[in-house]
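Engineer: Quick one, fold the following:
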Amino acid sequence: MPDWNSPAELAVDAAAFLKFIHAMAGLYFWEWVTTLDYEWAFITRQKRFHYPAVFYFLNRYSLLFTMIGLLIAEDSTSEINCQALYTFNQITGQAASGLASINLSIRTIALWQNDKRVVIPIVIIILGHWSLILQGVTVTATWQDGVGCVVGGVNNTILAATFIYSMCFDLVILSVSMYKLVVSARTGRSQLMSLLFQDGLMYFFIAFLSNMLAVVFILLNLNAILSVIFNIPAAIFSTIVACRAVRRLNNFATKGPEIFSSTGHSFRAAPTAGNVVAPTKSDLHHGVHVQMQTFTVADDHVSDTDVHELERKGRGVPDVEAGDGSPSVEYKVPYGASAL
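Structural biologist: Below is the predicted model:
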């Protein structure tokens with residue numbers, strides 16, 4: 001068993017920590033650059049801005065500033081205030097983990113349609129999470145000539161409690177979401193339900209494993225460097241999967257409503273829905289009456305391929321009408337179906 005606090009071991013761990021931080025920074029910078037089109041869609045107003053996007057952007061950019069701060073701390077050649085810089089890095093890094101959980105919570109709240117029985121407990125859990133995140137400085141760092149910023153000590157108790165709380169929080173959110181999805185699946189799972197289920201599982205397992213690895217090294221308390229070495233990967237992986245889940249859900253919603261019936265069958269309606277006309281009844285030759293709901297869509301948003309596809313599947317009957325002078329296409333779907 002090596003002496004984990006010997007000068008030689010600390011020097012080796014510091015070198016490994018330096019290379020590890022650069023690798024993690026490269027990973028996150030690559031993720032950030034390759035997904036800037038999402039931000040551009042908001043800037044150019046291709047996407048409408050809603051309040052959940054605030055937590056999404058706070059999550060992304062708090063971690064971005066954390067990685068920049070860590071690179072400054074590790075690569076500085078002239079003396080800097082290491083304690084102030086590490087305090088900033090700690091707050092923004094822990095905030096990124098907390099915001100990742102909030103992004104998952106918002107999806108769960110939306111899934112339950114703002115049910116107070118779900119919203120109130122989740123808000124209480126979030127407040128408890130942030131009370132740990134904002135506990136104060138748990139890492140101390142000092143400047144050493146010829147070395148740079150050196151981590152001097154870590155408050156393992158608060159740090160471990162924060163990560164364990166995050167793991168339990170994510171488990172509660174996943175359980176509540178899965179319960180809702182299982183109940184909804186009894187009437188046929190839609191594409192949206194499947195997306196939420198898959199993303200929720202992916203987020204939970206990646207975030208849980210990365211947080212668990214950080215907790216193990218915190219509790220082992222080998223030395224000050226190894227106690228915090230896996231904190232950054234936990235924040236990075238949680239942020240990446242949470243932001244990807246938000247983007248996937250938003251991109252799914254912009255493709256148009258999904259129509260699904262009580263029989264479990266589902267299909268996507270036209271990309272852009274226009275006016276929803278009141279339900280009508282159509283008479284069939286054998287005297288059977290079927291209630292229909294009509295979606296009117298401007299024909300410049302509907303391609304011939306969409307029309308022929310609906311006709312081929314037998315799920316819609318396209319009609320052409322002249323309203324205000326501009327042609328439009330109507331798709332009639334069963335009135336008993338639900339549109340998300």
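Engineer: The chain: helices as residue ranges?
Structural biologist: Secondary structure of the chain by DSSP state H: the helices cover 7-34, 36-43, 52-75, 82-111, 116-133, 156-185, 191-220, 224-228, 231-253, 304-313.
Engineer: Of those helices, which shows the lowest average pLDDT?
Structural biologist: Least confident of the helices of the chain, judged by mean pLDDT, is helix 304-313 with a mean of 51.
Engineer: how deep is Gly26 tucked in, by neighbour count?
Structural biologist: 11 (other C-beta atoms under 10 Å). C-beta: built from backbone N, CA, C; applies to glycine.
Engineer: do you know how far it is from Ile236?
Structural biologist: Relative to Ile236, Gly26 is positioned 11 Å away (criterion: C-beta to C-beta, to the nearest Å).
Engineer: Could you list the domains of the chain?
Structural biologist: Following automatic domain parsing, the chain resolves into domains at 7-254, 260-339.
Engineer: Tell me which of those sits most buried.
Structural biologist: For the domains of the chain, the stretch with the most neighbours on average is domain 7-254, a mean of 17; neighbours defined as mean count of other C-beta atoms under 10 Å.
Engineer: ok, Val228 touching Val151?
Structural biologist: Yes. Checked against C-beta atoms under 8 Å, the pair Val228 and Val151 is within contact range at 6.6 Å.
Engineer: so what's in contact with the two at the same time?
Structural biologist: Common contact partners of Val228 and Val151 (C-beta atoms under 8 Å, 6 or more residues apart in numbering): Val139.
Engineer: Contact partners for Ala8?
Structural biologist: Per C-beta under 8 Å, 6+ apart, neighbours of Ala8: none.
Engineer: Spit out the contact partners of the closest residue in space to Ile225 that isn't next to it in sequence.
Structural biologist: With sequence-adjacent residues excluded and distances taken as C-beta to C-beta, 6 or more residues apart in numbering, Ile225 is closest to Asp13, at 4.3 Å. With C-beta under 8 Å, 6+ apart as the criterion, the residues that contact Asp13 are 4, 223, 225-226, 229.
Engineer: Next: Leu213.
Structural biologist: Here Leu213 is in contact with 230, 233-234 (C-beta under 8 Å, 6+ apart).
Engineer: Closest one of the residues you listed to Gln94?
Structural biologist: Gln94 has its nearest neighbour among those in Ala234, at 10.0 Å by C-beta to C-beta.
Engineer: From Ile158, how far out is the closest one?
Structural biologist: 15 Å.
Engineer: Could you do Ala41 as well?
Structural biologist: From Ala41 over to Ile158 the distance is 39 Å, taken as C-beta to C-beta.
Engineer: Ok, Ile68 next?
Structural biologist: Distance of Ile68 to Ile158, computed by C-beta to C-beta: 25 Å.
Engineer: again, but for Met167
Structural biologist: Here the distance between Met167 and Ile158 works out to 15 Å (C-beta to C-beta).
Engineer: before we move on, what about Ala245?
Structural biologist: Spatial separation of Ala245 from Ile158 under the definition C-beta to C-beta is 28 Å.
Engineer: What of Val151?
Structural biologist: Taking C-beta to C-beta as the measure, Val151 falls 16 Å from Ile158.
Engineer: now swap in Ile164 and tell me
Structural biologist: In this structure, Ile164 and Ile158 are 11 Å apart, going by C-beta to C-beta.
Engineer: next one: Phe208
Structural biologist: Using C-beta to C-beta, one gets 20 Å for the distance from Phe208 to Ile158.
Engineer: do the same with Asp75
Structural biologist: Distance, Asp75 to Ile158, by C-beta to C-beta: 28 Å.
Engineer: same check, this time on Tyr51
Structural biologist: For Tyr51, the distance to Ile158 equals 30 Å [C-beta to C-beta].
Engineer: With Ile21 instead?
Structural biologist: Counting by C-beta to C-beta, the gap between Ile21 and Ile158 amounts to 22 Å.
Engineer: Ser78 too?
Structural biologist: Counting by C-beta to C-beta, the gap from Ser78 to Ile158 is 32 Å.
Engineer: what's the nearest residue to Gly69 if we skip its chain neighbours?
Structural biologist: Distance criterion C-beta to C-beta, 6+ apart; nearest residue to Gly69, sequence neighbours excluded, is Asn89 at 4.4 Å.
Engineer: Looks like the one you found contacts Ile72 (just checking).
Structural biologist: No. Taking C-beta under 8 Å as the contact criterion, Asn89 and Ile72 are not neighbours in contact, 9.1 Å apart.
Engineer: how about the closest residue to Phe65 other than its chain neighbours, what does it touch?
Structural biologist: If the residues on either side of it in the chain are set aside, Phe65 comes closest to Thr92, at 5.3 Å by C-beta to C-beta, 6+ apart. Thr92 makes contacts with 62-63, 65-66, 69, as judged by C-beta under 8 Å, 6+ apart.
Engineer: again with Thr66
Structural biologist: Thr66 makes contact with 89, 92-93, 96, 232, 235, according to C-beta under 8 Å, 6+ apart.
Engineer: start to end distance for stretch 147-161?
Structural biologist: Using C-alpha to C-alpha, to the nearest Å, one end of stretch 147-161 lies 31 Å from the other.
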